[in-house]
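1. Predicted model, plus sequence, below.
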Amino acid sequence: MKILVTYDMFREGFTELESKYEVTFPAGRDFTYEEVLEMIPEYDVLCSMLDFPVNKGLIDRAPKLRLIANYGVGYDNIDVAYAIEKGLAVANIPDPVTAPTANLALGLMLDAARRITECDRKLRTLGKDMRIGMQEHLGVPVTGQTLGIIGMGRIGKALAKRANALGMEVIYYKRRQLCIEDETKLNVTYVSKEELLAKADFVSLNAPYTPDTYHIIGEEELKRMKPSAILINTARGPLVDEHALVKALREGAIRGAGLDVFEFGDYPLPELLEMDNVVLTPHIGTQTTETRVIMARAVCDNVIGFLEGDRPVSRVLRP
């Protein structure tokens with residue numbers, strides 16, 4: 001049984017897998033798409049990074065392939081529909097990323113609300129850009145405010161628990177409403193997307209990226225939000241129309257934003273870099289050493305569980 005891993009990182013998480021099977025890693029860098037395309041005919045399992053494209057062309061070159069095990073909760077890099085059509089299993093790793101991503105979303109909320117990064121940046125200019133005074137750098141409270149969560153999956157639920165601990169009211173919108181028992185346990189209230197945008201002081205995006213969620217926040221949605229509202233996105237960049245967001249921030253349609261992901265790849269639009277009311281992080285939702293190693297072990301558990309049936313597999317059952 002041959003397993004191909006596209007990325008060269010956190011090898012310590014693959015110890016059990018290497019002890020059981022023939023595993024190929026790149027050396028010192030990730031494999032390119034072209035390299036994987038050349039090698040894939042010989043492999044039974046592909047362990048892919050969340051930004052590595054597993055498309056029709058690659059799948060068609062893999063007659064032995066049985067499983068695609070993605071390193072991440074998101075799987076928009078994989079043509080899941082075609083993989084399933086070809087009889088392949090697809091797995092992701094939702095559990096290890098839940099708490100770290102929810103923590104980052106909470107951190108972005110607090111930072112944007114209290115202007116932490118802005119004040120840090122200005123203070124480091126030795127005071128020339130910083131005015132000290134009772135009326136300077138006023139932020140907004142978090143306790144007693146309303147958090148609207150779009151997408152109430154694992155990460156959304158984890159964020160709701162944290163928001164409850166801060167004394168926030170939590171409302172949510174998703175395609176399928178939670179059962180009343182879950183809503184009661186989480187202390188959350190289901191509303192329409194329109195009502196959420198109108199009521200929320202903070203709007204957090206925690207939905208997967210699909211054709212239905214592309215630009216789920218665009219010009220019209222931003223106009224529905226409070227002028228005092230703050231938008232948080234730790235999900236996927238294309239959920240937000242970034243050009244519309246720039247316009248809304250410039251015109252004061254919303255107060256600010258905290259973004260860990262961006263519409264056009266790894267970097268935000270240049271206009272966002274110059275805005276004091278925007279907090280930016282470079283897709284670090286799971287960026288701790290401990291989390292990354294746990295994620296690697298979860299990938300291995302999916303592979304071993306699929307091949308040996310001795311442990312659960314987190315399968316992606318539909319696109």
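-> All right, it came through fine. Numbers count the residues shown, from 1 in each chain.
2. Next up, the contacts around A83.
-> 54, 59, 68, 90 (CB atoms under 8 Å, 6 or more residues apart in numbering). For every residue, glycine as well, the C-beta is placed using N, CA and C.
3. mind redoing it with 7 Å?
-> Counting by CB atoms under 7 Å, 6 or more residues apart in numbering, A83 touches 59, 68, 90.
4. cool, A91 as well?
-> Applying CB under 7 Å, 6+ apart to A91 gives the contacts 67, 69-70, 302, 306, 313-316.
5. Tell me the spacing between the residue nearest to it when sequence neighbours are not counted and R121.
-> Leaving aside its sequence neighbours, A91 sits nearest to N302 (CB to CB, 6 or more residues apart in numbering; 4.0 Å). Computed with CB to CB, to the nearest Å, the distance linking N302 and R121 is 41 Å.
6. ok, back up a step: buried subset of the contacts of A91?
-> Buried members of the contacts of A91, scored by 16 or more other CB atoms under 10 Å, are 67, 69-70, 302, 306, 313-314, 316.
7. how about TSV for the residues you listed, with distance to Y214 and pLDDT added?
-> TSV is the format used below for the buried ones among the contacts of A91 (distance: CB to CB, whole Å; pLDDT from 0 to 100):
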residue	distance to Y214	pLDDT
L67	28	98
A69	26	97
N70	20	97
N302	27	97
F306	30	97
V313	29	96
S314	24	96
V316	19	94
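8. Which single one of the residues you listed is nearest to A165?
-> Proximity of the buried ones among the contacts of A91 to A165 (CB to CB) peaks at S314, which lies at 27.3 Å.
9. Now do the contacts for the closest one.
-> Here S314 is in contact with 91-94, 302 (CB under 7 Å, 6+ apart).
10. ok, 6 Å please
-> S314 makes contacts with 91-92, 302, as judged by CB atoms under 6 Å, 6 or more residues apart in numbering.
11. And for E22?
-> By CB under 6 Å, 6+ apart, E22 lies in contact with K2.
12. What's opposite it in the beta bridge?
-> K2 (DSSP bridges).
13. Check it and give its pLDDT.
-> For E22, the model assigns a pLDDT of 96.
14. Same check on P63?
-> 97.
15. do the one 3 residues further on as well
-> Per-residue confidence at R66 stands at 98 (pLDDT).
16. what's the closest non-adjacent residue to it?
-> For R66, ignoring the flanking residues on the chain, the nearest one in space by CB to CB, 6+ apart is D44 at 5.3 Å.
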